[in-house]
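Q: Need coordinates for the below:
(2 chains)
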There are 2 protein chains.
Amino acid sequence: MAIETISEQRLHAGVQGFYRHESHACAGPMRFAVYQPPQAARQQCPVLYFLAGLTCTEETATIKAGAQRLAAELGLILVMPDTSPRDTGFDGATGDWEFGEGAGFYLDATEAPWSTRFRMASYVVDELPALIGVHFPADLARSGLCGHSMGGHGALTLALKNPARYRSVSAFAPIVAPSQVPWGRKALPRYLGDDPAAWAAHDACELVRRQTFPGTILIDQGEADGFLEAQLKPELFDQACAESGQALLLRRHAGYDHSYWFITSFIDDHLRHHAKVLGLL
Amino acid sequence: MAIETISEQRLHAGVQGFYRHESHACAGPMRFAVYQPPQAARQQCPVLYFLAGLTCTEETATIKAGAQRLAAELGLILVMPDTSPRDTGFDGATGDWEFGEGAGFYLDATEAPWSTRFRMASYVVDELPALIGVHFPADLARSGLCGHSMGGHGALTLALKNPARYRSVSAFAPIVAPSQVPWGRKALPRYLGDDPAAWAAHDACELVRRQTFPGTILIDQGEADGFLEAQLKPELFDQACAESGQALLLRRHAGYDHSYWFITSFIDDHLRHHAKVLGLL
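A: All right, here's what the predicted structure looks like:
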């Protein structure tokens, strides 16, 4: 479980680091970013994972979300993984921003060749936290999960499937019903095969009907988001939560689009949401 | 004085825009970024210009400095220009990150061929503010100037030479004595010729000895900055200010380097410094 430090720099009196390691789950090298707040020099701190969207890497949210300022105040460790394995050499793994490298969809693929390396669910839920627990002063019993777009899909589905691992969950403009929208209808069959039952196990709307998540799920959605109507459809999750009794705070924001300008505008609210559940506020 | 809108996006209840226009000073197209805080929808707001460093563009500080969050609270318009003209086609204008495109040094070149297009002093001090005044709800009588590294050199020298234009000035890790350090000794002769007297007119240490700036100059410097000893030498400006009676607040921060992680860690302090002088606090 060795990790290699790519860089570590002082940020808001803490440390912003980028790391590389040999992943067992993804059968190859993976990168991730960790922000350690100043409190981490003295004590264990709770952890918030941020899962990024299509085309992104571990650098995207680290550079653009602006989460570290308040994380430094609150005493929250931030972990930003990459969105897929890289340099897999698989036919079709690059060249399409909606599938393959940069588009791992936070699931364990079952179809060849993807099943050998595209195992982001196991990576994010099991392998990465174990690494974080060994190499950083993290209190893994207090972990939260947040994500954007495809990463919002990851946050919702992984939290709903692993409620013992995450005490809080939130998302920006998440894909909530991949079984029903073009992004999911393209990626899920290639990773999981043609049986819709397999897709349902990675569909937040389906999952929340089976088992609710303890506490309130926070979702922010921009109303000027160009993907809102075709790919995101938050009303489907709203309805599924209402039917299953899941507490949901879905906020719609006029004028905001799908970009990190939207995320950074509301990231502080998400950090406070997690900080309250994780015992920091 | 037409400008073309490249993009405008909602950010912190205001508008982050990128624009392009035909510059008279630089004899070609130039780009800049403007953040309008929510207050700008109702009233004129003071303006803070941020001048970026070597290799940067109008996007760098816009994306990495994290200045918009507090600017939105304070009601401060942010203007981020590019660091030089682009696509000049001049021999030697590209391929060296320390000179030419991306390295305009915020001066008006006098040597051929640079003198026809590398006129960033006129651009930043005269042409850009005139554009901002026409196209944005800016109160130009309340303008401040901030910058990083080469842009810190720009902020200090342009403010010292134009005290009627800027009411406040601050810098991160500025080049304060370009006549004496490798970056300046490379660029100044090429832009200005071999007479050291011409360099002195663009050297903050020389300028502050001729005329002080009203009010306190704020400078932040990281002590783990890899350029500190060879290129930055803030102690020279400290000494020049002491000799001339210039009020200076020079803060040294252990562990911080030359990056935007350093800038974003202290940008709020700079915004408040300017906001106080510009009548917002």
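Q: wait, doesn't A:Ala109 sit right on A:Leu188?
A: No. Using Cβ atoms under 8 Å, A:Ala109 makes no contact with A:Leu188, being 9.8 Å away. The way it works is simple: take the backbone N, C-alpha and C, and place the C-beta from them, glycine included.
Q: quick one: what helix or strand has A:Ser143 in it?
A: Taking DSSP states H and E as the criterion, A:Ser143 maps to strand A:138-148.
Q: Would you indicate which residues of that strand are buried?
A: A:Ala138, A:Arg142, A:Ser143, A:Gly144, A:Leu145, A:Cys146, A:Gly147, A:His148 (16 or more other Cβ atoms under 10 Å in any protein chain shown).
Q: Please list the residues of the stretch 1-150 of chain A that sit near chain B.
A: Proximity of the stretch 1-150 of chain A to chain B (Cβ under 8 Å from any Cβ of the partner chain) is limited to residues A:Gln9, A:Arg10, A:Leu11, A:His12, A:Ala13, A:Gln16, A:Ile63, A:Lys64, A:Gly66, A:Gln68, A:Arg69.
Q: What is the neighbour count of the last one?
A: A total of 20 residues lie near A:Arg69 under the criterion other Cβ atoms under 10 Å in any protein chain shown.
Q: A:Pro37 and A:Arg69 touch, don't they?
A: No. Contact criterion Cβ under 8 Å: A:Pro37 and A:Arg69 do not qualify, at 10.1 Å.
Q: Overlap of the contact sets of the two?
A: A:His12 (Cβ atoms under 8 Å, 6 or more residues apart in numbering or on different chains).
Q: can you pull the contacts of A:Leu269?
A: You called it Leu, but residue A:269 is Asp. Counting by Cβ under 8 Å, 6+ apart, A:Asp269 makes contact with A:Leu218, A:Asp220.
Q: Quick check: it is in a helix.
A: Yes. The assignment for A:Asp269 by DSSP: H, G, I helix; E, B strand; the rest coil puts it in a helix.
Q: can you pull out the helices in the stretch 51-200 of chain A?
A: A:58-64, A:68-74, A:120-122, A:128-135, A:150-161, A:182-192, A:196-200 (DSSP state H, counting those that start in this stretch).
Q: Let's have those helices in TSV, adding distance to B:Leu48 and mean pLDDT.
A: Shown next, in TSV, are the helices of the stretch 51-200 of chain A (distance: least, Cβ to Cβ, whole Å; pLDDT from 0 to 100):
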stretch	distance to B:Leu48	mean pLDDT
helix A:58-64	21	98
helix A:68-74	19	98
helix A:120-122	42	98
helix A:128-135	38	98
helix A:150-161	33	98
helix A:182-192	40	98
helix A:196-200	50	97
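Q: For A:His270, which of those helices is the nearest?
A: helix A:68-74 (9.5 Å; Cβ to Cβ).
Q: Quick check: buried residues in that closest one?
A: For helix A:68-74, using 16+ other Cβ under 10 Å, the buried residues are A:Gln68, A:Arg69, A:Leu70, A:Ala71, A:Ala72, A:Glu73, A:Leu74.
Q: Now do the same contact list for the second one.
A: If you count contacts by Cβ under 8 Å, 6+ apart, A:Arg69 has them with A:His12, B:Gly66, B:Arg69, B:Thr264.
Q: change it to 7 Å
A: A:His12, B:Gly66 (Cβ atoms under 7 Å, 6 or more residues apart in numbering or on different chains).
Q: That one and B:Arg209, how far apart?
A: 38 Å (Cβ to Cβ, to the nearest Å).
Q: and what of the last one?
A: As defined by Cβ to Cβ, A:Leu74 lies at a distance of 46 Å from B:Arg209.
Q: Residues in a beta bridge with the spatially most central residue of chain A, which ones?
A: Central residue of chain A (Cα atoms, centre = their mean): A:Leu51, 2.4 Å from the mean position. On the basis of DSSP bridges, A:Leu51 is bridged to A:Gly147.
Q: quick one: it and A:Ala155 touch, right?
A: Yes. Between A:Leu51 and A:Ala155 there is a contact at 5.4 Å, judged by Cβ atoms under 7 Å.
Q: List, one by one, the residues from the stretch 151-281 of chain A near chain B.
A: A:Ala224, A:Gly255, A:Tyr256, A:Asp257, A:Ser259, A:Trp261, A:Ser265 (Cβ under 7 Å from any Cβ of the partner chain).
Q: repeat that for 10 Å
A: A:222-224, A:253-262, A:264-268 (Cβ under 10 Å from any Cβ of the partner chain).
Q: out of those, which are inside helices?
A: The members of those that map onto helices under DSSP state H are A:Tyr260, A:Trp261, A:Phe262, A:Thr264, A:Ser265, A:Phe266, A:Ile267, A:Asp268.
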